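# only geometry, no sequence info:
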Ligand code: PLP
Ligand code: CA
């Protein structure tokens, strides 16, 4: 983004920010909530935007829940959102499998390293997935007893989709590696996030697991979540959006802000309630773009304009 980022600190700047855009694309964690804690005035700002007739779209790199499951997460924070408004990195990975890899439903199968949000989206598109939440993978690893190794690999598996798995163990890594060692099997990663911060601690993100698989297989995954532009292109075409009237709101520079800037969106707003600091927001780096606007937390837009 050309020019130094503008900090939203007054009613005038907040009002001008709201007037500029018709559509707001929201990253979720770190912007609307942190883990299971809502951030202040999340409901109020979203309701205000709805009253102003703005279109709201939610774009999360969290692959652990399906879009349907995400609507329930929104509901738990008192926010009414439809499945169609939500894009997750698990869904983006399933779209990639269907539209880019063009795997055949009913024939090609997918090996999942990750939670239910990946397999459920694949299933809705007609793909059978293996691995994932299969509880037989919970067993401590024993090569001679693993049904996945003893019975041999499934030759219909033509793709691995890997994301964050909080049940990660050696068994899952070991079987996934067997599939990745087959050159004909595609390697898809949901999202590159190295970490995800909670209220009082920071946890390892999906990237930390996917990069471990990349290291052991000596392969590179195709990442589908933010900042990948296939995901943005599919959002733009689904809703027929004018990019210049869209603003991406997020808390991470190398995923959210990159997603918006590289996608040529009219605006980007970095919130400092998640990953980044003011110092990083203002820094010029070859690794990520600077946002157009930044603010301490999203709810400040609401309180400033009241
Ligand atoms: N990946 C996982 C597994 C997560 O739990 C989260 C946050 O909850 C994220 C990624 C980051 O999500 P977002 O893109 O909404 O910040
Ligand atoms: Ca985030």
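Perfect, thanks for sending it. Predicted, not measured: the structure shown is a model, and the values here were computed from it. Residues are numbered from 1 along each chain as shown. Ligands and ions are numbered 1, 2, ... in the order given.

# contacts only, for the spatially most central residue of the chain.
With distances taken as CA atoms, centre = their mean, residue 61 lies nearest the centre of the chain, 1.0 Å away. Applying CB atoms under 8 Å, 6 or more residues apart in numbering, one finds that residue 61 lies in contact with 27, 88-89, 190-191, 193, 206, 225-226, 255. Where C-beta positions appear, they are placed from N, C-alpha and C, glycine not excepted.

# of all those residues, which comes closest to residue 43?
Comparing these against residue 43 with CB to CB places residue 27 closest, at 17.0 Å.

# residues contacting that closest one?
Contacts of residue 27 (CB under 8 Å, 6+ apart): 59-61, 226, 248-252, 255-256.

# now the strands for the stretch 201-306 of the chain?
Secondary structure of the stretch 201-306 of the chain by DSSP state E, counting those that start in this stretch: the strands cover 202-204, 222-223, 246-250, 267-271, 293-295.

# and whichever residue of the chain sits closest to ligand 2, how many neighbours?
Of all residues in the chain, residue 30 sits closest to ligand 2, at 3.7 Å by CB to the ion. Counted by other CB atoms under 10 Å, the residues lying close to residue 30 total 24.

# tabulate the contacts of residue 27 (CSV), appending distance to ligand 2 and pLDDT.
As requested, these are exported to CSV (distance: CB to the ion, whole Å; pLDDT from 0 to 100):
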residue, distance to ligand 2, pLDDT
59, 10, 98
60, 7, 97
61, 7, 96
226, 9, 97
248, 11, 98
249, 10, 98
250, 6, 98
251, 4, 97
252, 5, 94
255, 7, 94
256, 6, 97
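
# and those, which two are furthest apart?
Spatially, the most separated pair among these is 61 and 249, at 13.9 Å (CB to CB).

# separation between the residue of the chain closest to ligand 2 and ligand 1?
Distance, residue 30 to ligand 1, using CB to the nearest ligand atom, to the nearest Å: 5 Å.

# around the residue nearest to that residue when sequence neighbours are not counted, how many other residues sit close by?
Closest residue in space to residue 30, ignoring its immediate chain neighbours: residue 274 at 2.2 Å, by CB to CB, 6 or more residues apart in numbering. Close neighbours of residue 274, defined as other CB under 10 Å, add up to 20.

# ditto for residue 219
15.

# kindly report the same for residue 29.
For residue 29, the count of nearby residues is 21 (other CB under 10 Å).

# low-confidence ranges in the stretch 201-306 of the chain?
By pLDDT under 70, the stretch 201-306 of the chain has no low-scoring segment.

# what ranges do the helices span in it?
With DSSP state H, counting those that start in this stretch, the ranges of helices along the stretch 201-306 of the chain come out as 206-217, 229-239, 258-262, 278-282, 299-305.
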